[in-house]
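Q: predicted coordinates and the sequence they were generated for:
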Amino acid sequence: MKRTVIIDALKSTDFNSQINVKGWVRTRRGNKNVAFIALNDGSTIKNIQIVADLDKFSEESLKPITTGACLSVTGRLVESMGKGQTVEIQAEEIEIYGTADPETYPLQKKGHTLEYLRDIAHLRPRTNTFGAVFRIRHNMAMAIHTYFHEHGYFYFHTPLITASDCEGAGQMFQVTTKNLYNLKKDENGKIDYSDDFFGKQTSLTVSGQLEGELAAMALGKIYTFGPTFRAENSNTPRHLAEFWMIEPEVAFIQADELMDLEEDFLKYCVNWALEHCIDDLQFLNDMFDKTLIERLRSVVNTEFVRLPYTKGIEILEEAVRSGKQFEFPVYWGCDLASEHERYLVEEHFRKPVIMTDYPKEIKAFYMKLNADGKTVQGTDVLFPAIGEIIGGSVREENYDKLVAEIERRNIPMKDMWWYLDTRRFGAAPHAGFGLGFERLMLFVTGMQNIRDVIPFPRTPKTAEF
């Protein structure tokens, strides 16, 4: 008999029909006459109840059916008398695909901490929490691709192995086939990469932006969506060494149009979650964050504030004068900490903020300089509970200005002649942003640690699974 996935079985009204479901046992309980088995196949957070009458099944045959076991159940779909469910299955045949020893199976029916579940990341998708998180993660990826496709963007694949450092920070994972026990060096004692696979020093990318800009100069509107890597020794709830980035790049738009795009895109994604993931969101709302759904709806239904950096600093300084205490000092020219961003969003404006016109010294080399010579056209989106969720800017399209900034910062550009060529041949005004996918996931799920919104987190000293 063809299998019915549980999400469809739970919606069915074809009562008394024969049905087959397969899945993993969440719980089993019962009495001398009947056993109740909660079965889940990952298609929904909801379980389907299997009712096994003990006059049809021997106690010995049901003994291996413990939490974690995998079953195929054939039976009759009936209306349920139990609370919280509309249908259940009266079992006629149960096949056990795989058992799970109660002595050693780590996911018994009890509360587990998120920290403990990180240690068994290979099994945690079977929990209600992580089933919900990873179904939402899929939906957010679908929302992103759908939004850009419907708005005429082209999905552009940028390289994961690169010889350039987009951010100029130098925190990159090196890629090499060289024998690390016998490194060839030149007369100055520097490593000679001529015999390496690519013939030069290469690393894992920190961003697809620079290559994305090249594509926008030909295709008009593109976006990237792929893994990026930072060798940053940060053990915080907000940092990963491997994460996913969404980076649209658009020709012929200005700062105000970029901010329109950022706001519209984020609202679309959050609204998609509310429309397509409400069961999972309700579970996370009830279990972890009682204000989650309310916060998601507030983002969709409000207009984002557009706030120049200088005005933002004035608001923060006034807060300090009024007695507000921050861990990090506030002054014009400081790189805002998450606590500063969250104060503006959660306490002062009580809505998302797009901050603009940052001091050039705290922003990347490629951002377009304003007429004041001190600030650049950055457009960062700040969200409640998160802080910065998007970092964007108008890009500097003037060749001489861009080269001058690169030289002023001593950024090694010997391998980036191709990037400068876009400013030499048919330069065009353009802009774009980067959204860390896991930051979006933190906001949409209400989870507190970024390690809990990606299946297998990569952090310092952690590369299990």
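A: All right, it came through fine.
Q: determine the set of other helices and strands touching the helix or strand hosting Ile136.
A: If you go by DSSP states H and E, Ile136 is part of helix 128-150. Packing partners of helix 128-150 (3 or more CB pairs under 8 Å, 6 or more residues apart in numbering; DSSP states H and E): helix 114-119, strand 154-155, strand 221-229, helix 255-276, helix 278-287, helix 437-445. (Glycine included, C-beta is placed from N, CA and C.)
Q: the ones you listed into TSV, with extra columns for distance to Trp24, mean pLDDT and mean neighbour count?
A: Converted to TSV, the helices and strands packed on helix 128-150 look like this (distance: least, CB to CB, whole Å; pLDDT from 0 to 100; neighbours: other CB atoms under 10 Å):
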stretch	distance to Trp24	mean pLDDT	mean neighbour count
helix 114-119	16	95	14
strand 154-155	34	98	14
strand 221-229	29	97	21
helix 255-276	23	98	19
helix 278-287	17	97	17
helix 437-445	22	97	24
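Q: which among those is found nearest to Ala431?
A: helix 255-276 (4.3 Å; CB to CB).
Q: could I have the CA atoms of that closest one written out in PDB?
A: Presented in PDB, the C-alpha positions along helix 255-276 are these (Å, rounded to 0.1, in the frame of the first residue of the first chain):
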ATOM      1  CA  ALA A 255      20.300  54.500  -1.400                       C
ATOM      2  CA  ASP A 256      16.500  55.100  -0.900                       C
ATOM      3  CA  GLU A 257      15.700  52.400  -3.400                       C
ATOM      4  CA  LEU A 258      18.100  50.000  -1.600                       C
ATOM      5  CA  MET A 259      16.300  50.700   1.700                       C
ATOM      6  CA  ASP A 260      13.000  50.000   0.000                       C
ATOM      7  CA  LEU A 261      14.300  46.700  -1.200                       C
ATOM      8  CA  GLU A 262      15.700  45.700   2.200                       C
ATOM      9  CA  GLU A 263      12.400  46.500   3.900                       C
ATOM     10  CA  ASP A 264      10.200  44.800   1.300                       C
ATOM     11  CA  PHE A 265      12.400  41.700   1.200                       C
ATOM     12  CA  LEU A 266      12.400  41.200   5.000                       C
ATOM     13  CA  LYS A 267       8.700  41.700   5.300                       C
ATOM     14  CA  TYR A 268       8.100  39.200   2.500                       C
ATOM     15  CA  CYS A 269      10.200  36.500   4.300                       C
ATOM     16  CA  VAL A 270       8.600  37.100   7.700                       C
ATOM     17  CA  ASN A 271       5.200  37.000   6.200                       C
ATOM     18  CA  TRP A 272       6.000  33.800   4.400                       C
ATOM     19  CA  ALA A 273       6.900  32.200   7.700                       C
ATOM     20  CA  LEU A 274       3.600  33.400   9.200                       C
ATOM     21  CA  GLU A 275       1.600  32.000   6.300                       C
ATOM     22  CA  HIS A 276       3.500  28.700   5.800                       C
END
